[in-house]
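Trainee: Pasting the sequence and the predicted coordinates here, then a few questions.
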Amino acid sequence: MPKFALYVPLKPKPGKEKELEAFLKQGAGMAAQEAGTVTWYALDEDDGRYSIFDTFEDEAGRDAHLNGPIAKALMAKAEELLDEPVQIHKIKLVATK
């Protein structure tokens with residue numbers, strides 16, 4: 001069972017929604033290459049916001065992800081695509097099905 005997660009809310013700049021969606025779709029392919037990432041979701045929260053939610057078996061996997069290519073790409077594109085600074089919430093999972 002995954003024990004750790006990340007939740008990253010994202011608010012695109014006006015007119016950048018499609019570019020953010022395209023970026024997130026690329027992120028899914030990148031996440032598939034990460035051995036320590038159990039699940040990776042890009043979400044359209046239906047209120048003009050998007051988010052990323054991903055899970056990990058251990059802190060090492062989560063740390064590797066936070067220092068990996070997806071995080072670096074997000075930070076490189078943040079000023080161009082996002083209306084708010086990136087906030088990364090580290091979460092411990094209590095239960096899963």
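Mentor: Done, it's in. Numbering: from 1, shown residues only.

Trainee: Who is the residue nearest to the spatial centre of the chain paired with across the strands?
Mentor: Against the mean C-alpha coordinate of the chain, by CA atoms, centre = their mean, the closest residue is I52 at 3.3 Å. Taking DSSP bridges, one finds V8, A42 as the beta-bridge partners of I52.

Trainee: same thing with T37?
Mentor: Beta-bridge partners of T37, counted by DSSP bridges, are F56.

Trainee: What is the burial count for F4?
Mentor: Each residue near F4 was counted by other CB atoms under 10 Å, and the total is 21. Just so you know, the C-beta spots here come from the backbone N, C-alpha and C atoms, and that holds for glycine as well.

Trainee: got a list of what it touches?
Mentor: Each residue near F4 by CB atoms under 8 Å, 6 or more residues apart in numbering is listed here: 55-59, 61-62, 90-93.

Trainee: wait, isn't the residue nearest to the centre of the chain in contact with L43?
Mentor: Yes: counting by CB atoms under 8 Å, I52 touches L43, with 7.3 Å between them.

Trainee: contacts for stretch 89-97?
Mentor: Taking contacts as CB under 8 Å, 6+ apart, the residues outside stretch 89-97 that touch it are 1-9, 55, 62.

Trainee: Got a ChimeraX select line for the buried ones in those?
Mentor: A single ChimeraX command suffices to select whichever of the contacts of stretch 89-97 are buried according to 16 or more other CB atoms under 10 Å:
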select :2,3,4,5,6,8,9,55,62
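
Trainee: got a markdown table for the contacts of stretch 89-97, with distance to A31 and pLDDT too?
Mentor: Listed next are these as a markdown table, based on distance: CB to CB, whole Å; pLDDT from 0 to 100:
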| residue | distance to A31 | pLDDT |
| --- | --- | --- |
| M1 | 19 | 88 |
| P2 | 13 | 96 |
| K3 | 18 | 97 |
| F4 | 15 | 98 |
| A5 | 13 | 98 |
| L6 | 11 | 98 |
| Y7 | 15 | 98 |
| V8 | 12 | 98 |
| P9 | 18 | 97 |
| T55 | 11 | 97 |
| R62 | 12 | 97 |
